[in-house]
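*Asks:* only geometry, no sequence info:
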């Protein structure tokens, strides 16, 4: 199972703008995996959107899920 | 799959020109049930941070999510306020200090509705749209903007 991960702002700059993560069940596992690849992200603050919806707790991932890591918004 | 396409896209590349704003105002003169327009214009400020001056802001967004979110904000604002029209444009890419990066335009029969809705829209856009500003300094270094 493949999860597409999009990163924005300072997170994209520090790590990569996107990546693919395989065989993770939920967002907690996904974050662990991402932190292994990019340790710099483990100390950065962000919110998570699963298929464009912000989540506030660990969320199960199904196939064809897009997860976005969103630093604090600063539009306008 | 192309569900997003039916929503209005608030983004345009680069700065929002004064002539563009003038055209939008002109375009509403045929709508004679309108008695009040409220306009908010966000302008890039040349902040000085640790002795370095901001020359421009480079905006990026999670566009698909932002377009959906803007649609939801639009619907909620229309159901809360008796507006005749509501328009929002936000820049992406580079906007120089002194140029306009956000244009929010509400119209209603009477002023209070137009001004209240405009003000609430600006706050919601800043807080809820997945948009990021990178402040580019004159010496080509940068920092990520934070909203107050």
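*Replies:* Everything's here; your move. It should be emphasised that the depicted structure is a prediction, and the values quoted were computed from it without experimental measurement.
*Asks:* which residues in chain B form strands?
*Replies:* Remark: strands assigned in chain B by DSSP state E are B:11-13, B:36-43, B:48-49, B:52-61, B:85-96, B:100-108, B:131-137, B:142-144.
*Asks:* Spell out which residues of chain B are next to chain A.
*Replies:* Contacts of chain B with chain A, taken as C-beta under 8 Å from any C-beta of the partner chain, map to B:42, B:59-62, B:64-65, B:68, B:90, B:101-102, B:122, B:125-134, B:144-147. In this view, the C-beta of every residue, glycine as well, is placed from N, C-alpha and C.
*Asks:* let's see it at 7 Å
*Replies:* Contact residues (C-beta under 7 Å from any C-beta of the partner chain) of chain B with chain A: B:42, B:59-60, B:62, B:64-65, B:68, B:90, B:102, B:122, B:125-127, B:129-133, B:144-147.
*Asks:* Assign a three-state SS to residue A:13, would you?
*Replies:* Under DSSP: H, G, I helix; E, B strand; the rest coil, residue A:13 falls in the helix class.
*Asks:* follow-up on the earlier one: narrow the residues of chain B next to chain A to just the buried residues.
*Replies:* Listed as buried from these are B:42, B:59-60, B:62, B:64-65, B:68, B:90, B:102, B:122, B:125-126, B:129-133, B:145; burial here means 16 or more other C-beta atoms under 10 Å in any protein chain shown.
*Asks:* quick one: residue B:37 from chain A, how far?
*Replies:* 19 Å (C-beta to the nearest C-beta, to the nearest Å).
*Asks:* ok, now residue B:21?
*Replies:* Taking C-beta to the nearest C-beta, one finds residue B:21 at 16 Å from chain A.
*Asks:* does that residue really touch residue B:103, like I thought?
*Replies:* Yes. Residue B:21 sits in contact with residue B:103 when judged by C-beta atoms under 7 Å, with a separation of 6.0 Å.
*Asks:* ok, now which ones touch residue A:33?
*Replies:* Neighbouring residues of residue A:33 by C-beta atoms under 7 Å, 6 or more residues apart in numbering or on different chains: A:21, A:24.
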